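Novice: Got a predicted structure plus its sequence, pasted below:
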Amino acid sequence: MRRVITYGTFDLLHYGHIALLRRAKELGDYLIVALSTDEFNWNKKQKKCYFTYEQRKQLLEAIRYVDLVIPEENWEQKRTDVHEYHIDTFVIGDDWEGKFDFLKEEGVEVVYLSRTPEISTTQIKNDIAGTDAKEQDK
C-alpha cells in the first residue's frame with residue numbers, strides 16, 4: 001500500500017482544495033492530511049482561520065479522498081511524520097517548490113502539484129470583504 005501525505009490549513013474549503021486532494025490520492029492508496037492547528041496557524045503562520053481546527057477536520061474527514069486527518073503543530077514534524085506514518089509520497093502545492101526536497105533524504109518521493117489558479121482562500125476572503133487581492137498585495 002502506497003501512503004501519501006499532504007499538509008495545509010484548508011480554511012474555507014473550496015474546489016481547488018478538492019482538486020489537490022484528489023490528485024494527491026491518485027498518487028497512492030492511503031491519503032493522510034496533516035491539518036494545521038489553530039495555534040500553529042496563528043503563532044507561526046500569522047493566519048486567522050474562519051473555521052476552527054475541529055470544524056476544518058470534520059470537513060476534510062467527509063471527503064472521500066481523505067483517509068486520515070492528523071494535526072500539524074509545527075514546521076519540523078514533517079520529517080518525523082514520514083517515518084511514523086510510513087509515507088511513500090509527500091505532496092504539496094507548487095508554491096512551495098523546492099522547500100521540502102530534504103524529505104527525499106528520508107526515502108520519500110516529493111511531489112509539488114500545481115494549484116488551481118483561479119481560486120484561493122485569500123481570494124475568497126478578499127472577495128467577501130470587497131477588497132482587491134492585487135491591491136492588498138501591494
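Specialist: Yep, it's here.
Novice: So for stretch 62-80, mean pLDDT?
Specialist: Average pLDDT, stretch 62-80: 96.
Novice: which residues are in contact with that stretch?
Specialist: The contact list for stretch 62-80 (CB atoms under 8 Å, 6 or more residues apart in numbering) reads 7, 18, 21-22, 24-25, 30-37, 39-40, 44, 53, 57, 60-61, 81, 85, 90, 100, 102-103, 106. In this view, the C-beta of every residue, glycine as well, is placed from N, C-alpha and C.
Novice: For that stretch, buried residues please.
Specialist: Residues of stretch 62-80 classed as buried by neighbour count (16 or more other CB atoms under 10 Å): 63, 65-67, 69-70, 72, 77-78.
Novice: What lies in contact with the longest helix seen in the chain?
Specialist: Across the chain, the longest stretch assigned as helix under DSSP state H is helix 15-25. Residues outside helix 15-25 that contact it (CB under 8 Å, 6+ apart) are 4, 6, 8, 10, 31, 33, 60, 63, 65-66, 91, 93, 113, 115-116, 119-120.
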